[in-house]
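Asks: Got a predicted structure here, sequence first:
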Amino acid sequence: MTPVSFSEHQSLTSADRFQLADQVIVLCFVAISAWFSWLQWGKMDSLWGDNARWLYETYRVFQGDMPFRDVSAFHPPLYMYVFAFFYKLFGQTFGSAQVLLDILSTALVVSTYFLARHFLSRGLSAVVTACLAVAGLSSGYGFALYSLNMYASSALLAGLFLNLFLIALLRMIESKTVRVLDVILATAGGSLAILSKAEYVVPVVACLVLMSAVLWDVNDVKGGGLQRAVKLTYISILIVAPAALGFTWFIVQAGPRAVLSGVLNYGNATMVCPWWPTGLGLLGFCAGLAEAGLVYVAGVFLLRRADGRRVKLLAAAGAGLVVILAYLTAAWDLFPQHWALPGPRQHYSVRENVQGLMALTHLLIPVMSATMMLVAVFCVRVMRGIFRRERITRLITPESLLYIAVAALCIRSLFGTVLTELPGLSSFAYPVLFVTTAILLRSAFRLSDGLGPVRTTIARSLPALFFCVYGGLRLAWFVSSTTPRLPLDTIAGEIYVTDPSAVAVYDYVVHHTTAGDAVADISYYGGGVNFAARRRAPLFMTAFTFCLPDEEYLWNDARRIAMAKPEIVIGNRDAHLGTRYGGGTRNGCVFPGLVWRSPRITGDPERLLPIVAAVKENYTRTFASGTIQVLELKESLRTPGQHAEAGQ
């Protein structure tokens, strides 16, 4: 099977790319985004979860706390300061957060359209971007555009700035010149992407190397080639310099160890090594590659001449089907799981399995696998060209820049994720993956000579048809899946939740504390109550599960809670108040072993954290609702003037 070539770029001039029709399409996306924002306005399933945690972190920075020093930061803290600044302008409310999320979601969608227009026709770009918006509308926590349920608001910033960075580099590659405005755009996009998500340093640096190779052939050492290489090096350093300065400032303020711990997610990144495959993870990657191959084979038989290759293509398709069926059989009951839980395998209904399989994190695996293979082939060709002293610029096209960015983003989940042993994709990579999917589909169904009008029409419409069908199914599912919601009127504004515990616990907290009291939430990714009730928090960590922080952080929070004596502590009703040292999942790193499935449990889920021991000794449970319990400080430990109950 011949891999898709890197040199299939169909060059579009700026005049072709950004005409009045494009401006109309952008206005349509703004209108659609406004509609989607209205549909999702104020909807927040609970006051606990990933979205509650990052809202809580932005509230802490708004109060004056510094990331890495006063409050933990699981992502580079650009998003904290962006939201805190927005709160200062418009007030610290759920409505302010919702508006900013809507603005960022709209900007991400529009920038994806402009990125797609560097590779695709106007119509296909619009369809791809619309499908991305619908996917964001109908997603849960992973990629919830226009929603307070967003898993991580830093994903919006990182995706937006990466799009701007790639657009700037594409303009340089296509024009073969370095212009000031492009450098400014690349600097803003590249540095702010890194300051939104630290792992973006990999695609940013990789793309800068590729851009420099285009503008200066490594085999050209004459005619000012060395001077041009020095100039490009300076430009590349300039582009990432703001990010380096930003991290340097935090290192000076909080210390290098504190910043490094945050960048590594307080041990979260050390629990697994998805780049070292288990047999199941490797089979999943190969199945994704086989799925991509089947699409290519279908394109050959449908729209190209397969004379002389029919037997080979059919044999390859048969082998691919065997790999896909083997993977589906081995991992069938794992697709609906969010975590690789230890113990006996859980069994799900056929509907649940199919829904899990159709999630974007699994559906885009063929794109990731195909892109990885193309990048590997590309690197071999470049190295061979350098060895033979050939001009390698002929091998580098705009598509190669996008493929390199996708490969760099996906390398962390090549054979598994921090949650499961199945290959999966981070929601941070979805925008560029959608564009890459369209490019690969266009390549798989590209026209060949001698086709009639019917086949020509089919070839041109198939890529868009794939996206239309998937987007239509996602939109239909969203419309049909209505969940009853409860209004929750908080000090920070009204929201609509599906969790009755959120209403009950919030009401209890505001009626048993005053504005100056501290509330410590150590439940599963808490902090939503602090944001809603505007109650201060005395702790450093914002997550007490699924991470492996150093001992100093564990004991530091135990000391903090002992000194601050918060009026209320919120925890889960299960063991250890819902805290857990590590993930407790069965996907621990097995390097350098070779196994089918990982036998290692991540972390020590039975460990009693110091803060939990302090809470159990000094607090007593006074209220519970659903899975959440509220504990209050014992009367014997109260300082003079500290109250047991207080009205709002």
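Replies: Sure thing, it's come through. Numbering: from 1, shown residues only.
Asks: got the residue ranges for the helices in the stretch 251-400 of the chain?
Replies: Under the criterion DSSP state H, counting those that start in this stretch, the stretch 251-400 of the chain contains helices at 256-263, 279-303, 310-331, 350-357, 360-363, 365-387, 398-410.
Asks: ok now the very next helix or strand once past the last one, how far from the chain's centre?
Replies: Once the chain leaves helix 398-410, the next helix or strand it forms, by DSSP states H and E, is helix 430-444. On the basis of Cα atoms, centre = their mean, to the nearest Å, helix 430-444 is displaced by 18 Å from the centre of the chain it belongs to.
Asks: Return the most buried member of the helices of the stretch 251-400 of the chain.
Replies: With neighbours defined by mean count of other Cβ atoms under 10 Å, none of those is more surrounded on average than helix 398-410, at a mean of 24. Placement of C-beta: from N, CA and C, glycine included.
Asks: what's that one packed up against?
Replies: helix 153-175, helix 201-215, helix 365-387, helix 430-444 (3 or more Cβ pairs under 8 Å, 6 or more residues apart in numbering; DSSP states H and E).
Asks: Distance from the chain centre to that helix, please.
Replies: 16 Å.
Asks: related to what we said a few turns ago, for residue 499, which of the helices and strands packed on helix 398-410 is the nearest?
Replies: Using Cβ to Cβ as the measure, helix 153-175 is the one of the helices and strands packed on helix 398-410 that comes nearest residue 499, at 20.4 Å.
Asks: Identify the residue nearest residue 151 in space, chain neighbours excluded?
Replies: The spatial neighbour of residue 151 that comes closest, neighbours along the chain excluded (Cβ to Cβ, 6 or more residues apart in numbering), is residue 141 at 4.3 Å.
Asks: Any stretches of the stretch 401-550 of the chain with poor pLDDT?
Replies: 447-455 (pLDDT under 70).
Asks: if I look at the residue nearest the centre of the chain, how far off is residue 255?
Replies: In the chain, the C-alpha nearest the mean C-alpha coordinate belongs to residue 428, at 2.6 Å (Cα atoms, centre = their mean). For residue 428, the distance to residue 255 equals 27 Å [Cβ to Cβ, to the nearest Å].
Asks: same deal with residue 19?
Replies: Using Cβ to Cβ, residue 19 is found at 52 Å from residue 255.
Asks: do residue 520 as well
Replies: 24 Å.
Asks: quick one, which of these two is more surrounded?
Replies: More crowded of residue 520 and residue 255, by other Cβ atoms under 10 Å: residue 520, with 27 against 13.
Asks: Give the pairing partners of the host helix or strand of that one; include direction for each.
Replies: Here residue 520 sits within strand 519-521, counting by DSSP H and E. The sheet places strand 519-521 alongside strand 568-572 (parallel), with pairing taken from DSSP bridges.
Asks: tell me the average confidence for the strand it pairs with?
Replies: Strand 568-572 comes out with an average pLDDT of 94.
Asks: who's in contact with the helix or strand just after that strand?
Replies: Using DSSP H and E, the helix or strand that follows strand 568-572 towards the C-terminus is helix 610-618. Helix 610-618 is contacted from outside by 522, 539, 544, 554-555, 557-558, 561-562, 565, 569, 571, 576-577, 579, 631, 633-634, 637, using Cβ atoms under 8 Å, 6 or more residues apart in numbering.
Asks: buried residues in helix 610-618?
Replies: Using 16 or more other Cβ atoms under 10 Å as the burial criterion, the residues of helix 610-618 that qualify are 610-612, 614-616, 618.
Asks: Name the next helix or strand following that helix along the chain.
Replies: Toward the C-terminus, helix 610-618 is succeeded by strand 619-625 as the next helix or strand (DSSP H and E).
Asks: what residues does the one helix or strand residue 127 maps to touch?
Replies: Counting by DSSP H and E, the element that carries residue 127 is helix 122-138. Here helix 122-138 makes contact (Cβ under 8 Å, 6+ apart) with 21-22, 25, 29, 32-33, 36, 39-40, 105, 109-110, 112-113, 116-117, 120, 143-147, 360, 430-431, 434-435, 437-438, 442, 463-464, 467-468, 470-471, 474-475, 477-478.
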